[in-house]
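K.L.:
one predicted model, sequence on top.
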Amino acid sequence: MVRAAEGIRIDEGEIRERFIRSSGPGGQNVNKVATAVQLRFDVRNSPSLTDAVRERLIRLAGNRVTREGVLVIEAGRFRTQERNRRDARERLAEWVRKAAVPPPRRKETRPTAGAKARRLEDKHRRGEAKRARRPVPPSES
């Protein structure tokens, strides 16, 4: 059970881990032992997440989420499988924690009088510049 955020717990069965060769520290050992972990979490079909958290997580994670809605996290900073596993799970929990916080509501504001005046002045200047580009009508004489 991974505790991600207040009221959100991810069951172990929802997380799939695969060990792969790491590109990090380890010397010659790095070529023989698969110490890095690739963690996969099916965001789209997870019963642990609410719809709002699910949508925010998919948006926040961006390219880390596949077309099928699976979040992929690769962790290979450390020399042991266990430490990389813990790192991947902590990163998953952090993503879910960020997604669990709803964005603040936007307070509607009105433009200030100065902003309105500047906007109208800019419009006037642009109009003048365009008017100056017009061809001069032939004079009737």
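P.N.:
Looks like it came in fine.
K.L.:
show me where this protein has strands.
P.N.:
When assigned using DSSP state E, the strands of the chain occupy the ranges 2-5, 8-10, 15-20, 36-42, 70-75.
K.L.:
tell me which strands the third one pairs with, and in which orientation.
P.N.:
Think strand 15-20. strand 36-42 (antiparallel) (DSSP bridges).
K.L.:
contacts for the partner strand?
P.N.:
Outside of strand 36-42, the residues within contact range by C-beta atoms under 8 Å, 6 or more residues apart in numbering are 10, 14-24, 68-76, 81, 84-85, 87-89, 91-92. Where you see a C-beta, it was placed from the backbone N, CA and C, and this is true even at glycine.
K.L.:
and with 7 Å instead?
P.N.:
The contact list for strand 36-42 (C-beta atoms under 7 Å, 6 or more residues apart in numbering) reads 14-22, 69-76, 81, 84-85, 88-89, 92.
K.L.:
how deep is the closest residue to Arg44 other than its chain neighbours tucked in, by neighbour count?
P.N.:
Excluding the flanking residues, the one nearest Arg44 by C-beta to C-beta, 6 or more residues apart in numbering is Gly69, at 2.7 Å. Residues near Gly69, counting by other C-beta atoms under 10 Å, number 15.
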